[in-house]
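K.L.:
From the sequence below, what's the structure:
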Amino acid sequence: MIVFENTYYFWFLGILLFLLLLFLLYLLWQKKAQNRFATPKLFKVLAPQRSVFKMWLKFVLPCLAIACFIVALANPKMGTKLETVKRQGVDIVFAVDVSKSMLTDDIAPNRLEKSKQIISQTINELVSDRIGLIGYAGSAFPQLPITTDYGAAKTFLQAMNTDMVSSQGTAVSDAIDMSTDYYDRDDSTNRVLIIIGDGEDHGDKADDAIARAVENNINIFTIVVGTEAGKPIPLNRTGNKNYKRDKDGNIVISRADKATLQNIANKGNGAFIDGVRTDEIVDRLLENLDKIEKSEFESKEFSDFESQFQWFIGFGMFFILLDLIVLERKTKWIKQLNLFNENDETDEV
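P.N.:
Predicted coordinates for the structure are as follows:
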């Protein structure tokens, strides 16, 4: 397993795009200057040793060296040993509603972004619990399996959006059923499913799914995002003020269905949480999670991470030396390969 200690150095890779732009502008200027001096065919006769391949190679090699040095600054580290670590915690799966109604901004910045804030801040407070992610709209889909890698969980969480599921609706029953496959059946860990959404259009199969979850010792918590007053549903995520309309042309108002989510929590032996402020919602959720007994489980982790930056420094120096050795004029073996059909064009002049 490879990790980077200083990932912010990767921003310097943008220098390569700037250099590429400068190089392309230089080639454009060079071509115009050559055309003023002679025709392309005549120029090949006047400068027979000029190599287009070598010119690009002389640009690519320093860029590779710069990229290697930037990676070296990020200090890549490799885990050399895999250890089995015993932890105590709870297996938590977050099921996030990603239907179009979650773009409604009756709660700032909108329902989906508020859901992400709640989950992200909750993850910040967890210590040794395992977490997973599920998205659902007209159907459910796995976003991240059970893991102790909180960094990966946040990355996958931020990637969730309303375009991930083509079929619309809010099939919360599918999310509940999918969560039962997330937990390791051989582990006796306590299991929690946290459903976050506006509660709209949950379908008529939720009760059966809840019963199956309870049989699998899963406690279901629900968090409502949105208000009962509601607001129109934007058609896209770009801030365009075009709203969803019904068949009669009237703007559809999306209202949070708190009763539905509260019913799911009651039947799922969990708790229903409502609120506006993110920190208050997170505090209430953590209070309920603290009441659940922690179970011991084993997880495998890489340890003894050793820095590998020296390899990239070596590669960078190699590319610099290679750039110094390579000449801009043609070499015999490359000329024999006749790249770009240069020989044929010269013979015609």
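
K.L.:
Show the pLDDT at Leu324.
P.N.:
Leu324 carries a pLDDT value of 87.

K.L.:
That one: neighbour count?
P.N.:
A total of 9 residues lie near Leu324 under the criterion other Cβ atoms under 10 Å. Backbone N, C-alpha and C define where each C-beta goes, glycine included.

K.L.:
could we number from 21 for the rest of this?
P.N.:
Shifting the count to begin at 21 puts that one at Leu344.

K.L.:
Ramachandran angles for it?
P.N.:
phi -70, psi -30 (degrees, to the nearest 10).

K.L.:
From Met337, how far off is it?
P.N.:
11 Å (Cβ to Cβ, to the nearest Å).

K.L.:
for Ala92, same thing?
P.N.:
For Ala92, the distance to Met337 equals 10 Å [Cβ to Cβ].

K.L.:
Who has more neighbours out of these two?
P.N.:
For Ala92 and Met337, the more surrounded residue by other Cβ under 10 Å is Ala92, and the numbers stand at 20 against 13.

K.L.:
The helix or strand encompassing the more buried one - contacts with which helices or strands?
P.N.:
Per DSSP states H and E: Ala92 is located in helix 72-93. Helices and strands touching helix 72-93, by 3 or more Cβ pairs under 8 Å, 6 or more residues apart in numbering; DSSP states H and E, are helix 34-57, helix 329-345.

K.L.:
Figure out which of these is closest to Asp299.
P.N.:
helix 34-57 (35.3 Å; Cβ to Cβ).

K.L.:
Need the CA coordinates for that closest one. CSV is fine.
P.N.:
Listed next in CSV are the C-alpha coordinates belonging to helix 34-57 (Å, rounded to 0.1, in the frame of the first residue of the first chain):
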residue,chain,number,x,y,z
GLY,A,34,0.0,22.2,-13.0
ILE,A,35,3.4,23.6,-14.0
LEU,A,36,3.6,20.9,-16.6
LEU,A,37,0.4,22.2,-18.3
PHE,A,38,1.8,25.7,-18.3
LEU,A,39,5.1,24.4,-19.9
LEU,A,40,3.1,22.5,-22.5
LEU,A,41,1.2,25.6,-23.5
LEU,A,42,4.5,27.6,-23.8
PHE,A,43,6.0,24.8,-25.9
LEU,A,44,3.0,24.7,-28.3
LEU,A,45,3.1,28.5,-28.6
TYR,A,46,6.9,28.2,-29.4
LEU,A,47,6.2,25.6,-32.1
LEU,A,48,3.5,27.8,-33.6
TRP,A,49,5.9,30.8,-33.7
GLN,A,50,8.7,28.6,-35.1
LYS,A,51,6.5,27.3,-37.9
LYS,A,52,5.5,30.8,-38.9
ALA,A,53,9.1,32.0,-38.9
GLN,A,54,10.1,29.0,-41.1
ASN,A,55,7.3,29.6,-43.5
ARG,A,56,8.6,33.2,-44.0
PHE,A,57,12.0,31.8,-44.8
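
K.L.:
That helix: which residues count as buried?
P.N.:
The neighbour-count check on helix 34-57 (16 or more other Cβ atoms under 10 Å) flags 43, 54 as buried.

K.L.:
Just the angle for it relative to helix 72-93, thanks.
P.N.:
160 degrees (axes from the mean of the first three to the mean of the last three Cα atoms, to 10 degrees).

K.L.:
Now do helix 34-57, average pLDDT.
P.N.:
Helix 34-57 comes out at a mean pLDDT of 86.

K.L.:
OK, contacts around the closest residue to Pro82 other than its chain neighbours?
P.N.:
Among residues not flanking Pro82 along the chain, Asp343 sits closest, at 5.7 Å (Cβ to Cβ, 6 or more residues apart in numbering). Contacts for Asp343 (Cβ atoms under 8 Å, 6 or more residues apart in numbering) come out as 78, 81-82, 85.

K.L.:
my guess is Arg265 contacts Ile273, does it?
P.N.:
No - counting by Cβ atoms under 8 Å, Arg265 does not reach Ile273; the two are 10.9 Å apart.
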